[in-house]
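In: Sequence and predicted model, in that order:
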Amino acid sequence: SVRLFKMEKQADIFYRELPKVELHAHLNGSVSFQTIEKLIARKPHLNIEHNMTAIRNGQRRTMDECFRVFKVIHQLVDTEEDIFMVAKDVVNEFAADGVKYLELRSTPREEIKTGLTKRRYVETVLEAVKQCKGDGVDIDVRFLVAIDRRNGTEVAMETVKLAEDFMLSTDGLVVGLDLSGDPTVGHGRDLLPALVRAKNCGLKLALHLSEVPSQLEETELLLTLPPDRIGHGTFLHPDVGGSQTLVDAVVKNNIPLELCLTSNVKGQTVPCYSEHHFKFWYQMGHPSVICTDDKGVFSTDLSQEYELAATTFGLSHEDVWKLSQQAIDCTFAPETLKQQLKQRWIDLRPRVFR
Ligand SMILES: CNc1ncnc2c1ncn2[C@@H]1O[C@H](COP(=O)(O)O)[C@@H](O)[C@H]1O
Ligand SMILES: [Zn+2]
């Protein structure tokens with residue numbers, strides 16, 4: 001059954017060979033089955049089993065249960081060595097899945113027991129990224145420092161300062177800020193000053209917005225920034241309790257959406273794949289980027305997510321190609337790198353459509 005779990009599903013070769021851009025991946029949510037195995041072996045005393053760290057196909061969880069899963073993974077990943085291994089494995093796995101450009105995000109964590117500091121946390125992730133580059137892994141990686149909304153105003157401001165420092169000292173590896181965490185906890189108004197500061201110092205903003213219902217007021221407020229990208233945006237449109245005003249603000253500012261089909265279905269904020277809001281935004285021609293969110297926790301990968309979008313919404317291979325290509329313009333990469341990626345897509349096309 002272990003084997004079955006690992007191989008539960010594999011996307012068709014077209015989707016695996018398709019060059020892809022991943023813009024919404026939480027480091028600790030992206031830890032694979034294989035890496036979890038190594039972590040469990042390092043920490044047998046925690047008595048953690050695989051079924052506590054991943055949601056298999058056909059299974060559903062409440063959002064609350066999803067956030068309990070992250071707590072379990074955080075117990076397994078609490079030293080510099082763990083973070084280094086996890087980051088290296090995750091980057092290698094995305095590369096093996098055909099991802100050519102990855103924006104990884106993670107919440108800097110302090111662990112008193114192991115002496116881990118938030119600064120070392122970020123440094124360790126960046127060291128792993130650089131080592132992958134040095135090893136010749138075929139992927140460009142950038143990092144977004146994440147704010148966990150549950151931690152409030154002061155921690156948010158500290159996190160922005162940390163991100164600012166890294167943005168200035170890592171020649172371009174740290175490009176922005178993520179706002180995430182349990183959407184039912186805390187309020188965006190308390191985080192607004194930190195987000196304004198981040199924006200003013202040149203950090204790009206990728207914010208989880210309207211991931212659950214009844215966040216209208218918060219979303220309206222945070223859209224005034226405006227953010228550079230939106231994670232999920234599940235409840236923005238009027239049919240699901242959002243509003244036309246919100247949709248208009250997103251469209252007017254041309255803010256790309258990061259859409260994560262399996263995450264939303266398994267986390268039960270969307271009833272089924274065919275009712276995913278990808279349809280709404282894609283039909284409008286609004287920049288929509290397919291992403292994984294937490295490939296480990298939701299037992300998926302980016303190829304599968306593209307295949308799911310294609311089969312659910314009847315996209316041709318040509319449509320899918322355009323979708324992955326258009327994601328390049330939604331990255332926080334500098335213009336030169338965007339141009340290189342566009343050239344990569346041109347070069348790789350014959351092999352994908354052979
Ligand atoms: C399912 N939808 C989601 N909504 C909101 N935040 C999420 C999330 N999935 C993950 N995270 C955020 O990412 C953290 C784990 O990775 P890192 O420890 O930061 O690498 C979670 O603790 C949560 O804050
Ligand atoms: Zn997310």
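Out: In hand now; what should we look at? Keep in mind it's a predicted model, so treat the numbers as computed, not measured. Residues are numbered from 1 along each chain as shown. Ligands and ions are numbered 1, 2, ... in the order given.
In: Up against ligand 1, what does the stretch 1-150 of the chain have?
Out: 26-29, 66, 70, 106-107, 146, 148 (Cβ under 6 Å from any ligand atom). C-beta coordinates here come from the backbone N, C-alpha and C atoms, glycine included.
In: Okay, and which of the residues you listed map to strands?
Out: Counting by DSSP state E, those place 26, 106, 146, 148 in strands.
In: give me the number of residues near the closest residue to Cys132 other than its chain neighbours?
Out: Distance criterion Cβ to Cβ, 6 or more residues apart in numbering; nearest residue to Cys132, sequence neighbours excluded, is Val91 at 4.6 Å. Val91 is flanked by 26 other residues according to other Cβ atoms under 10 Å.
In: before we move on, what about Ile328?
Out: Neighbour tally, Ile328, other Cβ under 10 Å: 21.
In: What sits closest to it if chain neighbours are left out?
Out: Nearest in space to Ile328, with sequence neighbours left out and distances taken as Cβ to Cβ, 6+ apart, is Leu341 at 4.8 Å.
In: Ile255 too?
Out: Closest to Ile255 by Cβ to Cβ, 6+ apart is Ile230, at 5.5 Å.
In: Can you report phi and psi for that neighbour?
Out: Dihedral angles of Ile230 (phi, psi; degrees, to the nearest 10) stand at phi -120, psi 130.
In: Could you do the one 4 residues further on as well?
Out: Here the main-chain torsion angles of Thr234 (degrees, to the nearest 10) amount to phi -60, psi -40.
In: wait, doesn't it sit right on Val270?
Out: Yes: if you go by Cβ atoms under 8 Å, Thr234 and Val270 touch, sitting 6.4 Å apart.
In: my read: the residue nearest to Cys132 touches Asp140, true?
Out: No: counting by Cβ under 8 Å, Val91 sits too far from Asp140 to count as a contact (10.3 Å).
In: list residues touching both of these two?
Out: Residues touching both Val91 and Asp140 by Cβ atoms under 8 Å, 6 or more residues apart in numbering: Leu102.
In: Give me the residues contacting the strand or helix carrying Ile73.
Out: For Ile73, the host element (DSSP states H and E) is helix 63-76. Helix 63-76 has contacts (Cβ under 8 Å, 6+ apart) with 28-29, 31, 36, 39-40, 43, 46, 48, 52-55, 61, 82, 109, 182-184, 212, 266-269, 296-297.
In: Which one's more surrounded, Thr234 and Val270?
Out: More crowded of Thr234 and Val270, by other Cβ under 10 Å: Thr234, with 27 against 22.
In: Do you know the pLDDT at the more buried one?
Out: At Thr234, the model reports a pLDDT of 98.
In: ok, the closest residue to it other than its chain neighbours to ligand 1 distance?
Out: Nearest residue to Thr234, sequence neighbours excluded (Cβ to Cβ, 6+ apart): Thr269, at 5.2 Å. Distance, Thr269 to ligand 1, by Cβ to the nearest ligand atom, to the nearest Å: 8 Å.
In: Does Thr269 touch Gln215 like I think?
Out: No: Thr269 is beyond contact range of Gln215, at 11.3 Å (criterion: Cβ under 8 Å).
In: Output stretch 217-231 as CSV, nothing but the C-alphas.
Out: Extracted in CSV, the C-alpha atoms of stretch 217-231 (Å, rounded to 0.1, in the frame of the first residue of the first chain):
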residue,chain,number,x,y,z
GLU,A,217,-14.4,43.4,4.2
GLU,A,218,-10.9,42.2,4.6
THR,A,219,-10.5,41.5,0.9
GLU,A,220,-11.8,44.9,0.0
LEU,A,221,-9.3,46.5,2.4
LEU,A,222,-6.3,44.5,1.2
LEU,A,223,-7.2,45.1,-2.5
THR,A,224,-6.5,48.8,-1.9
LEU,A,225,-2.8,48.0,-1.6
PRO,A,226,-3.1,46.4,-4.3
PRO,A,227,-1.4,43.1,-4.0
ASP,A,228,0.7,41.8,-7.0
ARG,A,229,-0.9,38.4,-7.0
ILE,A,230,-3.8,36.8,-5.2
GLY,A,231,-3.8,33.2,-3.7
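In: chain center to that stretch: distance?
Out: 17 Å (Cα atoms, centre = their mean, to the nearest Å).
In: what mean pLDDT does that stretch have?
Out: Mean predicted confidence for stretch 217-231 is 98.
In: Helix, strand, or coil at the residue nearest to Gln268 when sequence neighbours are not counted?
Out: Take Gln268 and drop its neighbours on the chain: the residue closest to it by Cβ to Cβ, 6+ apart is Arg60, 5.3 Å away. Assigned by DSSP: H, G, I helix; E, B strand; the rest coil, the conformation of Arg60 is coil.
In: residues from the stretch 201-350 of the chain in reach of ligand 1?
Out: 208, 211, 263, 267, 293-294.
In: export these to TSV and tack on pLDDT, secondary structure and neighbour count?
Out: Listed next are those as TSV, based on pLDDT from 0 to 100; DSSP: H, G, I helix; E, B strand; the rest coil; neighbours: other Cβ atoms under 10 Å:
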residue	pLDDT	secondary structure	neighbour count
His208	98	strand	26
Glu211	97	coil	24
Ser263	97	helix	28
Gly267	96	coil	26
Asp293	98	strand	29
Asp294	98	coil	27
